[in-house]
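Student: build me a model from this:
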Amino acid sequence: MRVDVALEWFLNPDHLPFLATEADGLFARAGLEVSLIPPEGHSDGLAEVESGRIAFACNEPLHMLDAKRPGLRALGCFFQTEGGVMLTPEGEAKLLRGEPIRIASPVSGEPTDAIAREILRRHSEVKSGRFDPSAVRIVAAGFQHLDNLKAGFDGAWLCFHNFEVVGAEVEGLPHVFVSTDAVALPNFSALELFTSRSFAAREPGAVAAMQQALTDAIGSQRADPDWAEALWRERSGEADSPLLRAILADTLPRFVSPVLADRQRWRPLFEGLSALGFAAITAEEYDALFA
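Tutor: Below is the predicted model of the structure:
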């Protein structure tokens, strides 16, 4: 069976389990021929899956809560890191003084923007006792967070530790990373596998095969991280460098297995966002994502 997997971003080391399943022959043995599709927009894959045009997608769990997607089904988390807002030191100083700042984001709109402002509010109030939400402008500026900071943005939102923070450290780029954990918000910097209700009902064997293949691939990566690193360099064409080695070293221990639907994993996130008025779905709709 030929199936497509819509990514949430361009192909990067967070997607290594998909490459490992192919390299290990796990997809072939499961009767799956898999294509990975980078998106034009961050949430495009979820819309394609829900409509039935694509079989699978991966994305942050936040995006199963920030809009009503009744046709979506969550199949399990396969990667988790720390995430939040990365500020330049000058950007943080402006934030603490209540001056206007610009934050680059892959997406722009509610409630995602509101979550970024909540992170900045908690950080600013602890450090300065003040926060002006009208001073924070969030701009849809793509996925290249470090490039956006270098280009003059005061901060970047939806940053992952294993990518942006590691990259900034290796490049010597001054930064202040404000994670969700640091401001006592539930973490959602992770990747969940999704399918549609219709595909899950029509092809339960393919769904189970995908979950098992990713689980087995993560086991292979853990058993032989050198192989996983070599696989990434081969498939990406990315030359070996201190930056790549640092990203891979931080990324590989963060994969999660087994890949199985787990409604309890993201319940604190759902309840936390609901309490803040940021969740767009009800408790019943949350449970239905895992039905």
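
Student: residues in contact with the residue nearest to the spatial centre of the chain?
Tutor: Nearest to the geometric centre of the chain sits residue 60, at 3.9 Å (C-alpha atoms, centre = their mean). Going by C-beta atoms under 8 Å, 6 or more residues apart in numbering, residue 60 touches 8, 158, 188, 189, 190, 191, 192. Placement of C-beta: from N, CA and C, glycine included.

Student: again, 6 Å this time
Tutor: By C-beta atoms under 6 Å, 6 or more residues apart in numbering, residue 60 lies in contact with residue 188.

Student: same deal with residue 68?
Tutor: Counted by C-beta under 6 Å, 6+ apart, residue 68 has contacts 280, 281.

Student: rerun at 8 Å
Tutor: 280, 281, 285.

Student: which ones among those residues lie within helices?
Tutor: Using DSSP state H, the members of these that fall in helices are residue 285.

Student: quick one, which of the contacts of residue 68 are buried?
Tutor: Using 16 or more other C-beta atoms under 10 Å as the burial test, those include 280, 281, 285 as buried.

Student: could you dump the contacts of residue 68 into CSV with pLDDT added?
Tutor: Formatted as CSV, these follow (pLDDT from 0 to 100):
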residue, pLDDT
280, 93
281, 96
285, 97
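
Student: and of the contacts of residue 68, the nearest to residue 291?
Tutor: residue 285 (10.4 Å; C-beta to C-beta).

Student: now do the same contact list for the closest one.
Tutor: Applying C-beta under 8 Å, 6+ apart, we find residue 285 in contact with 68, 70.

Student: and the gap between it and residue 222?
Tutor: According to C-beta to C-beta, to the nearest Å, residue 285 stands 35 Å off from residue 222.

Student: just residue 103 next, same as before
Tutor: Residue 103 is 35 Å from residue 222, by C-beta to C-beta.

Student: and those two? Which one has more around it.
Tutor: More neighbours surround residue 103 than the other of residue 103 and residue 222, with 26 against 13 (other C-beta atoms under 10 Å).

Student: tell me the bridge partners for that one.
Tutor: Partner residues in beta bridges with residue 103, using DSSP bridges, are residue 138, residue 155.

Student: ok, it to residue 93 distance?
Tutor: 15 Å.

Student: residue 168 now?
Tutor: For residue 168, the distance to residue 93 - C-beta to C-beta - is 17 Å.

Student: quick one: which of the two has more around it?
Tutor: Taking other C-beta under 10 Å, residue 168 and residue 93 do not tie; residue 168 has more neighbours (21 against 15).

Student: tell me which element the more buried one is part of?
Tutor: For residue 168, the host element (DSSP states H and E) is helix 166-171.

Student: pull out the buried residues from that helix.
Tutor: The neighbour-count check on helix 166-171 (16+ other C-beta under 10 Å) flags 166, 167, 168 as buried.

Student: need the pLDDT of the nearest residue to the second one once chain neighbours are set aside.
Tutor: Looking back up the chat, that one is residue 167. Excluding its sequence neighbours, the residue lying closest to residue 167 (C-beta to C-beta, 6 or more residues apart in numbering) is residue 146, at 5.4 Å. The per-residue pLDDT reported for residue 146 equals 95.

Student: surely residue 146 touches residue 171?
Tutor: Yes - contact criterion C-beta atoms under 8 Å: residue 146 and residue 171 qualify, at 7.1 Å.

Student: what about the closest residue to residue 108 other than its chain neighbours, distance to residue 10?
Tutor: With sequence-adjacent residues excluded and distances taken as C-beta to C-beta, 6+ apart, residue 108 is closest to residue 140, at 3.8 Å. Between residue 140 and residue 10 the computed distance is 16 Å (C-beta to C-beta).

Student: more neighbours: which of those two?
Tutor: Applying other C-beta under 10 Å to residue 140 and residue 10 shows that residue 140 carries more neighbours, namely 13 against 10.
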